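In: attaching a predicted model along with its sequence, questions to come.
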Amino acid sequence: MRLLSSALVLWFTLATLAAAHEVLPAITDMTEVDGLVQFDMRANIESFVAGINLTDVADTNAAPEAADYDALRALPPDEMAAKFTSFWPDLADLMTVRFGDTSVTPELIAVQVPEVGDTGVVRASTFQFSVKVPDGADAVVVGWPAEFGTLVIRQQGVENPYDGYLEAGALSDPIALAGGGQVGQWQTFFNYLPVGFDHIVPRGLDHILFVLGLFFLSTHFRPLLWQVTSFTVAHTITLALAALGYVSVPSSIVEPIIAASIVFVAVENILVRGLSPWRPVVVFCFGLLHGLGFASVLGEFGLPAGAFIPALIGFNVGVELGQLFVIAVAFLSVWQAIRVDRGANEVTQATILYIVLMLGLGGLAAMLWFDPGALPIAAVDDVPLTTFLAPLAVLSFLCLLSVHFRDHLSAYRRIVAVPASAAIAVVGAWWFVARVFL
């Protein structure tokens, strides 16, 4: 039975989490000079031309257009620039650039595509386009097509510049061309809270697995508190240092080590009972690397120069809230099984609870797996709901087994914590191999 439960966890987790690569936002610097507003944008233009809907996928490999994307990704710079130039009218029609009630169609100025490198890594190209400011206009509203993902806007050349992080399909507030649109310190703090949270839930699948690895070590609160505190202090230090420019480590080094950290904590869960003396120290060291991973996200779109500190704190607090949310969901999922394992006479209600959760979550996951359009919402911030529903359904099944075999010694650890840790270790090992060799 334990082998069966372990195999199920491994299968479902690998099936839903194996492709854990983020879709990066497009970033544009906006400058107004002599009646023209110019936008200098950095983006993954191959995904645009291929027609990938970036709000529906967490990894371009999962898109129906993946083959077209890979072919475009391998094109020499001149050929890719020509492809994008031909595609530009379609993109321009989908964008929104509006001065009051007047909409203006942007004109493409230039495209720069880097040389072909590692085709497994996003190639960030740059292109420039501009619009003419109508007479008397003093503000502009910018909108980005939902299918092209997130857009970051950074106003340049003015005092108190506007900085915006637009979710897919959103419109900016009116941006004053003369500046003065920068939000206050507190507003910046609250604006960056969801950015940090979003990087954990739902986009930060590797960070989620690391936090779950910490959670499954023990059923007691003190070991979890020690680990989370150590991890939080560590990643806060490197996040701040990296954001300030004092530390810089290539993602080619950071990302494999993050994957290795997942393997370490998960394997130790299997081999060691309870909190070892070295565990908080090791978690602290890995937290330093995770902080660099968080910093890489900020590096993709930068922090507002006039409100750097509140933005950094807001992002970090958002990350902490995301981690606490993951722990809360995991705790609520297994709490009844832990109580029964500790001798609470709640077998009937625990059994009913886990049967309902297993069938409900499993049914929804299966429905979305075979028909992604079966529900109004099939993904959250481009991460499919099945990524979370399927593992939670399997976890409910393991908890049900733990309740059923409650008379066995350490039933929760043997039937829930160990198989879940084994699955986490396998996924982490796969990510390590993929990030180093593939």
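Out: Thanks, I have it.
In: so where do the helices sit in the stretch 151-300 of the chain?
Out: Along the stretch 151-300 of the chain, counting by DSSP state H, counting those that start in this stretch, helices occupy 185-200, 205-215, 221-243, 251-271, 279-301.
In: among these, which is nearest Met367?
Out: helix 205-215 (21.7 Å; C-beta to C-beta). All C-beta spots, glycine's among them, are computed from the backbone N, C-alpha and C.
In: helices or strands up against the closest one?
Out: Helix 205-215 sits against helix 185-200, helix 221-243, helix 251-271, helix 279-301, helix 308-341, helix 418-437, with contacts defined as 3 or more C-beta pairs under 8 Å, 6 or more residues apart in numbering; DSSP states H and E.
In: residues in contact with it?
Out: 17, 20, 58, 199-201, 224, 227-228, 231, 255, 258-259, 261-262, 265-266, 269, 283, 286, 290, 293, 322-323, 326-327, 330-331, 383, 387, 420-421, 424, 427-428, 431 (C-beta atoms under 8 Å, 6 or more residues apart in numbering).
In: any low-confidence regions in the stretch 301-438 of the chain?
Out: 301-302, 305-306, 378-382 (pLDDT under 70).
In: save the helices of the stretch 151-300 of the chain as TSV, and put in mean neighbour count and distance to Ala176 too.
Out: Output for those, formatted as TSV (neighbours: other C-beta atoms under 10 Å; distance: least, C-beta to C-beta, whole Å):
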stretch	mean neighbour count	distance to Ala176
helix 185-200	19	16
helix 205-215	25	37
helix 221-243	19	27
helix 251-271	20	36
helix 279-301	21	21
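In: show me the one of these that comes nearest Ile352.
Out: helix 205-215 (24.4 Å).
In: hey, C-alpha coordinates of the closest one in CSV?
Out: In CSV, the C-alpha atoms belonging to helix 205-215 read as follows (Å, rounded to 0.1, in the frame of the first residue of the first chain):
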residue,chain,number,x,y,z
LEU,A,205,6.6,26.2,-8.1
ASP,A,206,10.2,25.5,-7.1
HIS,A,207,9.9,27.7,-4.0
ILE,A,208,6.5,26.1,-3.1
LEU,A,209,8.2,22.6,-3.2
PHE,A,210,11.0,23.9,-1.0
VAL,A,211,8.6,25.3,1.6
LEU,A,212,6.6,22.0,1.5
GLY,A,213,9.9,20.1,2.1
LEU,A,214,10.3,22.2,5.3
PHE,A,215,6.7,21.5,6.3
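In: what's the average pLDDT for that helix?
Out: Across helix 205-215, the average pLDDT comes to 95.
In: neighbours around the nearest residue to Ala420 once chain neighbours are set aside, how many?
Out: In this structure, Ala420 finds its nearest non-sequential neighbour in Phe216, 5.4 Å apart by C-beta to C-beta, 6 or more residues apart in numbering. Neighbours of Phe216 under the rule other C-beta atoms under 10 Å: 23.
In: my read: Phe216 touches Ala417, true?
Out: Yes: counting by C-beta atoms under 8 Å, Phe216 does reach Ala417; the two are 4.6 Å apart.
In: joint contacts of these two?
Out: With C-beta under 8 Å, 6+ apart as the test, Phe216 and Ala417 both reach Asn269.
In: against which helices or strands is the helix or strand hosting Ala81 packed?
Out: Using DSSP states H and E, Ala81 falls within helix 77-94. Packing partners of helix 77-94 (3+ C-beta pairs under 8 Å, 6+ apart): helix 45-50, strand 107-112, strand 125-132.
In: for it, output the C-alpha coordinates as PDB.
Out: The C-alpha trace of helix 77-94 is given here as PDB (Å, rounded to 0.1, in the frame of the first residue of the first chain):
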ATOM      1  CA  PRO A  77      18.700  37.700 -35.700                       C
ATOM      2  CA  ASP A  78      18.000  39.300 -39.100                       C
ATOM      3  CA  GLU A  79      15.400  36.700 -40.000                       C
ATOM      4  CA  MET A  80      13.600  36.900 -36.700                       C
ATOM      5  CA  ALA A  81      13.600  40.700 -36.900                       C
ATOM      6  CA  ALA A  82      12.000  40.400 -40.300                       C
ATOM      7  CA  LYS A  83       9.300  38.000 -39.000                       C
ATOM      8  CA  PHE A  84       8.500  40.500 -36.200                       C
ATOM      9  CA  THR A  85       8.300  43.400 -38.500                       C
ATOM     10  CA  SER A  86       5.800  41.600 -40.700                       C
ATOM     11  CA  PHE A  87       3.800  40.700 -37.500                       C
ATOM     12  CA  TRP A  88       3.900  44.300 -36.100                       C
ATOM     13  CA  PRO A  89       0.600  45.500 -37.600                       C
ATOM     14  CA  ASP A  90      -1.200  42.800 -35.800                       C
ATOM     15  CA  LEU A  91       0.400  43.600 -32.500                       C
ATOM     16  CA  ALA A  92      -0.100  47.400 -33.000                       C
ATOM     17  CA  ASP A  93      -3.900  46.800 -33.600                       C
ATOM     18  CA  LEU A  94      -4.100  44.900 -30.300                       C
END
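In: quick one on the thing from earlier: could you check the distance from the residue nearest to Ala420 over to Asn44?
Out: 35 Å (C-beta to C-beta, to the nearest Å).
In: try Gly373
Out: Counting by C-beta to C-beta, the gap from Gly373 to Asn44 is 25 Å.
In: more neighbours, the two?
Out: Asn44 (23 against 7).
In: excluding sequence neighbours, find me the nearest residue to the more buried one.
Out: Val122 (5.1 Å).
In: tell me how many other residues crowd the one you found.
Out: What Val122 shows, counting by other C-beta under 10 Å, is a neighbour count of 17.
In: out of the helices and strands packed on helix 205-215, which gets nearest to Asp135?
Out: Here helix 185-200 is closest among those (C-beta to C-beta), at 31.9 Å.
In: do you know how far His207 is from Phe148?
Out: Distance from His207 to Phe148, by C-beta to C-beta: 25 Å.
In: actually Ile253, not the one I wrote
Out: Ile253 is 30 Å from Phe148, by C-beta to C-beta.
In: now do Leu400
Out: Counting by C-beta to C-beta - Leu400 and Phe148 are separated by 43 Å.
In: so Ala63 sits against Glu46, correct?
Out: No: in this structure, Ala63 is not within contact of Glu46 by C-beta under 8 Å, at 11.4 Å.
In: shaky segments in the stretch 51-200 of the chain?
Out: 57-59, 62, 118-121, 183.
In: just to revisit the earlier point, so which of Ala63 and Glu46 has more stuff around it?
Out: Glu46 (24 against 20).
In: which residues does that one contact?
Out: Shown in contact with Glu46 (C-beta under 8 Å, 6+ apart): Tyr69, Leu72, Arg73, Met80, Arg123, Ser125.
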